[in-house]
Structures are given as C-alpha cells and as structure tokens.
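Colleague: Generate a structure from the sequence data that follows.
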Amino acid sequence: MSSPLLSADPRRAFLADQALLGPAIKRVLQSGWYVLGQECSTFEAAFASYVGVSGCLGTSSGMDALELGLRALGLDKGDEVVVPALTSSACATAVVRAGGVPVFADVNPETLTIDPRSISNVITSRTKVLMAVHLYGHPCDMDRLLELADTHNVSIIEDCA
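Modeller: Numbering: from 1, shown residues only. So this is what the prediction gives:
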C-alpha cells in the first residue's frame with residue numbers, strides 16, 4: 001500500500017488547472033488587490049452559489065476561518081473541541097483563540113484523519129464541537145462523525161484546507 005502522504009501533489013493539481021488559474025492569478029496581480037477587492041468578492045459569491053448557501057466570507061487564513069466558525073457555533077470559554085491528534089497546529093490554536101479547550105483524538109493509521117472510534121474515549125459533557133480535518137487528499141469518515149455529533153448533540157466544523 002502506498003503512503004497517504006504521497007497522494008497530495010499541489011504542483012500536479014496546479015498544472016492540471018493552469019489554464020483556469022493562470023488568468024485569475026494574473027488579474028489579481030495586475031489589480032494590486034491581494035486582499036479583498038473584486039476578485040475576492042467574485043469568488044465569495046461564486047463559492048456561495050456552488051455550495052448552495054446565501055453567503056461566503058473569505059478570510060486571511062484557515063486558522064481565522066476555523067476561529068470564526070467556532071465563534072459562530074457559540075463556543076463558550078472552557079468548551080471542549082475534539083480535534084485530531086495529527087493536524088496543523090492552527091486547528092488547536094483556533095480552538096484556544098475562540099476560548100475553547102482542544103481535546104485530541106487518535107487518527108486512523110490508513111488515512112491519518114480523525115478516527116471516529118477514538119472520539120468515544122475523549123468526548124465529555126463539556127464537548128461542544130467535533131473538528132473534522134480532511135488531510136492529504138483523504139476525507140474524514142463524515143457519516144460516522146455525523147452520527148456521533150447527533151448522538152452527543154454536538155456540532156461539527158470541517159477543515160478542508
């Protein structure tokens with residue numbers, strides 16, 4: 001079996017979509033608007049339409065997006081958020097910045113994403129959110145995570161970076 005770490009190839013993905021991405025990158029560079037601006041507004045509207053929601057907000061980083069999402073879910077000081085033990089430090093940092101306490105769950109050795117079986121060992125009455133981090137091109141077992149969230153009456157936030 002090949003390592004899941006070898007499945008992500010950003011260069012190959014860029015080259016495959018270069019005809020689409022190249023002109024967009026050029027427009028951003030020519031406009032001088034590297035943050036916000038018309039390209040950002042256009043992307044936000046297109047992405048919102050694509051996922052079927054009324055609005056979308058671009059952020060400066062994935063950590064900021066996670067923090068804002070946690071705050072929007074009503075995370076209170078001391079609330080626990082279950083995060084995978086193998087992930088970017090930004091995931092746990094976003095929890096702390098939002099006032100929560102990160103609680104680490106084991107990962108599936110095949111996909112390196114959070115292992116739903118390990119969540120049962122760490123979830124408590126203080127748990128408010130499960131953080132699903134899709135990693136190295138491998139999605140989490142969302143069906144099982146949704147079942148757990150429903151059973152324990154907690155929310156899910158996804159990091160799809």
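
Colleague: ok, and the closest non-adjacent residue to Ala92?
Modeller: Excluding the flanking residues, the one nearest Ala92 by C-beta to C-beta, 6 or more residues apart in numbering is Pro102, at 4.0 Å. For glycine as for every other residue, the C-beta is placed from the backbone atoms N, C-alpha and C.

Colleague: Give me the sheet partners of the helix or strand harbouring that neighbour and which way each runs.
Modeller: Assigned by DSSP states H and E, Pro102 belongs to strand 101-105. Applying DSSP bridges, strand 101-105 is found paired with strand 80-84 (parallel).

Colleague: after the strand it pairs with, next one along is what?
Modeller: helix 89-97.

Colleague: Centre of the chain to that next one, how far?
Modeller: 12 Å (C-alpha atoms, centre = their mean, to the nearest Å).

Colleague: For that helix, name the packing helices and strands.
Modeller: If you count contacts as 3 or more C-beta pairs under 8 Å, 6 or more residues apart in numbering; DSSP states H and E, helix 89-97 packs onto helix 62-72, strand 80-84, strand 101-105, strand 127-133.

Colleague: Make JSON lines out of the ones you listed and add mean neighbour count, distance to Ala46 and mean pLDDT.
Modeller: What follows is the helices and strands packed on helix 89-97, written out as JSON lines (neighbours: other C-beta atoms under 10 Å; distance: least, C-beta to C-beta, whole Å; pLDDT from 0 to 100):
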{"stretch": "helix 62-72", "mean neighbour count": "18", "distance to Ala46": "17", "mean pLDDT": "95"}
{"stretch": "strand 80-84", "mean neighbour count": "25", "distance to Ala46": "30", "mean pLDDT": "97"}
{"stretch": "strand 101-105", "mean neighbour count": "18", "distance to Ala46": "33", "mean pLDDT": "97"}
{"stretch": "strand 127-133", "mean neighbour count": "24", "distance to Ala46": "24", "mean pLDDT": "97"}
